[in-house]
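**Q** attaching a predicted model along with its sequence, questions to come.
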Amino acid sequence: MRKLLMSTLIVAMLACSPLAAQGLKSCMMVGPYAGYTIGFGDAFDDYEIGNVKYSNGPNLNFGGNIHYGLSDKMMIGGDLYVQRYSGSAEGPGIDISESDTELNFLFSGLYALSYMKASMLLLNAGAGIYGDESTEFGIYGGIMYEKMVGRTMSLFVNPRLHFVLADETVTMLQLAVGLHFWLGNTGSPMN
C-alpha cells in the first residue's frame, strides 16, 4: 500500500510540475500591472473658450488580472484596474489642474498565438464596464507578450486599444507592464 501511495504521489507531482505543462489548459495566472494610457479623438482634444485653454486626458493606471486556462490555447478571466485622468485650464489669471480616477472591470479572453522557449505571445480581447459613477460599456483588443523570469513567474507587456461606447466613443491606447504568477496544477506552460 505504501509503495502504491508513493508511486501515485510521484506520478502526480511529475504530472503537475511546470516541466510537464502542455498548453494553457488548467493553468492559472494572476498578477499586478502598471501602465500609461493615451487618449484619442474628440473626447480628449484640447480646446479654447475665450482666452482659457482646456486640456484633459488619461494617464497612469494600475491594476491586476486573473486568467484560467480552458484549453491548450485559450484562457478566460478578468481585470480590475484604476485609470487616472487629469485636466487643466490655463489662461489670464487661471491655472487649474485636477485629477480624477475611475475603476474599470474587464472580462477577457487570451488566445496563444505562439509558444517560444520561455516566452509566449497571446491575443487579448474582451469587454468591460468603464467608470464608477457613469458606467459605460466598452470593448478592447491587443496583444500580450509573456517572458518567464522563474519557474512560476513571468513578466508581461500588454498594449491594448479600448473603445468605450459612451455618448461619444472614447478611444484609448493602454500600455501595461506587470508580473504574472502561475498557479494551479500545471504551473507555467512555457517551461
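**A** Perfect, thanks for sending it. In this text, all values refer to a predicted model and were calculated from it rather than measured experimentally.

**Q** where exactly do the strands run in this structure?
**A** Assigned by DSSP state E, the strands in the chain fall at 27-40, 47-49, 52-69, 74-91, 94-116, 119-130, 136-148, 153-164, 170-184.

**Q** could you redo those strands as a markdown table and give each row mean neighbour count and mean pLDDT?
**A** In this view, the C-beta of every residue, glycine as well, is placed from N, C-alpha and C. Listed next are the strands of the chain as a markdown table, based on neighbours: other Cβ atoms under 10 Å; pLDDT from 0 to 100:
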| stretch | mean neighbour count | mean pLDDT |
| --- | --- | --- |
| strand 27-40 | 18 | 94 |
| strand 47-49 | 10 | 83 |
| strand 52-69 | 18 | 91 |
| strand 74-91 | 17 | 92 |
| strand 94-116 | 15 | 91 |
| strand 119-130 | 18 | 96 |
| strand 136-148 | 18 | 96 |
| strand 153-164 | 18 | 96 |
| strand 170-184 | 18 | 93 |
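
**Q** contact partners for the closest residue to residue 58 other than its chain neighbours?
**A** Of all residues not flanking residue 58 in the chain, residue 37 sits nearest, at 4.0 Å (Cβ to Cβ, 6 or more residues apart in numbering). Applying Cβ atoms under 8 Å, 6 or more residues apart in numbering, we find residue 37 in contact with 58, 59, 60, 61, 83, 162, 172, 173, 174, 175.

**Q** show me what contacts the last one?
**A** This means residue 175. 35, 36, 37, 157, 158, 159 are the contacts of residue 175 under Cβ under 8 Å, 6+ apart.

**Q** thought residue 177 was touching the last one, still the case?
**A** When you say that, I think you mean residue 159. No: contact criterion Cβ atoms under 8 Å: residue 159 and residue 177 do not qualify, at 10.0 Å.

**Q** what's the straight distance from one end of stretch 85-100 to the other?
**A** End-to-end distance for stretch 85-100: 5 Å, by Cα to Cα, to the nearest Å.

**Q** dig out what residue 158 forms beta bridges with.
**A** The bridge-partner assignment for residue 158, based on DSSP bridges, gives residue 176.

**Q** state the distance from it to residue 81.
**A** Between residue 158 and residue 81 the distance is 11 Å, computed by Cβ to Cβ, to the nearest Å.

**Q** now do the shared contacts for those two.
**A** Shared contacts of residue 158 and residue 81, counting by Cβ under 8 Å, 6+ apart, come down to residue 33.
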